[in-house]
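>>> Following is a predicted model, sequence given first.
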Amino acid sequence: MQVTMARDVAFTIRSLRFDDTYTPTEGTRLTTNFANLARGERRQDNLRNALQMIDNRFNDLAHWDNHKRDRYTVELDIISVEINIPDEAAFPAIEILRTTILDRKTGKRIEGIAGNNLSSYVRDYDFSVLLPRHNEGREEFSVPEGFGELHGRLFKAFVASDAFKAHCGKPPVICLSVSDAKTYHRTANRHPILGVEFVPDESSLTEQYFRKMGMQVRYFMPPKAAAPLAFYFVGDLLNDYSNLELIGTISTMETFQRIYRPEIYNANSMAGECFRPSLGHQDFSLTRIVYDREERGRLAVEQGRFAERYFIKPHSAFVGRWLDNLAA
């Protein structure tokens, strides 16, 4: 555990191993990819199968000097961040995943990328409570003024903190699914690990939201993948990270997407030159992992209301002033 103090507010950071014995902690969002797997009667089977899928995909991509496709194992740690406000209970702000690659041949552990998955109660509030409430009764969709500002500034303060730097050697990379509301076009640009690059026909609200977090986005479809992934990053995605670091993120997040969005990421045919993702696509294969998509959608609203009740209403003004002072 590490605590960073900043103008009367503290970030507390804890690390927890994600393996087949993992149980979500009290502050973990239950819609989070890794937490959702660790529930129900099949929880241990879910976890084991998902971790094996990650290792298999990693070894498939890191195929050099790896003829048996079993040289590497991906170890995952959940980095949980709490905001501690004076005289108040700590609020669970952010959770991300950090990868470590175990090289079975040499016995060495190689630090991977932190980020991968992004879990945030405040983001649930923004997208599942504030945005629908703002558009209720409106004929045309619009975004409320200052949408995403608080979350973006909190995230940037966390990444700039000494605690983050003590846990993670490089800036984070967040890897998400593509949007089923946009069309993506294949380009001629190809990276040996990330694969072929796609570009969307227009910007999305998610892109704008992450831009306020200090992150830009590029879309790549890795070798043998069915669809491109969205990589949100700070700096230079193609040159700041090693091949093994990138493979750790791809294998982890592509596995989650194959489980939760099989219509797109476990489709039986890959994305073409002009790709419009669809959750209504029927030609796909299911994994052996059990989850409840309807529950995930319902819990997002409940978790957004939790953030509103325990953080946004009582503390957003205080935290906003703290962030202003921090920037100054």
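Looks like it came in fine.
>>> how close does the residue positioned nearest the centre of the chain get to residue 192?
The centroid of the chain falls nearest to residue 117 when counting by CA atoms, centre = their mean (2.1 Å). Between residue 117 and residue 192 the computed distance is 24 Å (CB to CB, to the nearest Å). To be clear about C-beta, it is placed using only N, CA and C from the backbone, and glycine gets the same treatment.
>>> just the helices in the stretch 201-328 of the chain please.
Applying DSSP state H, counting those that start in this stretch to the stretch 201-328 of the chain gives helices spanning 205-211, 243-260, 262-265, 293-307, 313-327.
>>> same deal with the stretch 51-200 of the chain?
Under DSSP H, counting those that start in this stretch, the stretch 51-200 of the chain gives helices at 121-125, 131-135, 149-160, 162-167.
>>> is it possible to export those helices to a markdown table including distance to residue 210?
What follows is the helices of the stretch 51-200 of the chain, written out as a markdown table (distance: least, CB to CB, whole Å):
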| stretch | distance to residue 210 |
| --- | --- |
| helix 121-125 | 10 |
| helix 131-135 | 15 |
| helix 149-160 | 8 |
| helix 162-167 | 17 |
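>>> Point out the most buried one among those.
helix 121-125 (a mean of 25; mean count of other CB atoms under 10 Å).
>>> can you list the residues that contact that one?
29, 31, 91-93, 150-151, 154, 209, 300-301, 303-308, 311-312 (CB atoms under 8 Å, 6 or more residues apart in numbering).
>>> can you give me the mean pLDDT across that helix?
Averaged across helix 121-125, pLDDT comes to 92.
>>> now it, how far from the chain's geometric center?
Put simply, helix 121-125 sits 14 Å off its chain's centre (CA atoms, centre = their mean, to the nearest Å).
>>> now do stretch 261-279
On CA atoms, centre = their mean, the centre of stretch 261-279 falls 20 Å from the chain's centre.
>>> buried set for it?
By neighbour count on 16 or more other CB atoms under 10 Å, the buried set for stretch 261-279 is 261-267, 271, 275, 277.
>>> Just the closest of those to residue 109, please.
residue 265 (28.1 Å; CB to CB).
>>> which residues does that closest one contact?
177, 225-227, 254, 257-258.
>>> rerun that using 6 Å as the cut-off
Applying CB atoms under 6 Å, 6 or more residues apart in numbering to residue 265 gives the contacts 226-227, 257-258.
>>> now residue 47
20, 37.
>>> my guess is it is in a strand, correct?
No: judged by DSSP: H, G, I helix; E, B strand; the rest coil, residue 47 forms no part of a strand; its state is helix.
>>> got the buried residues for stretch 102-121?
102-103, 111-121.
>>> swap in stretch 280-287?
So stretch 280-287, judged by 16+ other CB under 10 Å, has buried residues 281, 284, 287.
>>> now those as TSV including pLDDT?
Conversion of the buried residues of stretch 280-287 to TSV gives the following (pLDDT from 0 to 100):
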residue	pLDDT
281	90
284	92
287	87
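>>> Nearest to residue 68 among those residues?
Of the buried residues of stretch 280-287, the one sitting nearest to residue 68 (CB to CB) turns out to be residue 287, at 23.5 Å.
>>> State the number of residues packed around the nearest residue to that closest one once chain neighbours are set aside.
Leaving aside its sequence neighbours, residue 287 sits nearest to residue 259 (CB to CB, 6 or more residues apart in numbering; 5.3 Å). For residue 259, the neighbour count with other CB atoms under 10 Å is 23.
>>> what's the pLDDT at residue 259?
On the pLDDT scale, residue 259 gets 90.
>>> what's the spacing between it and residue 288?
Residue 259 is 10 Å from residue 288, by CB to CB.
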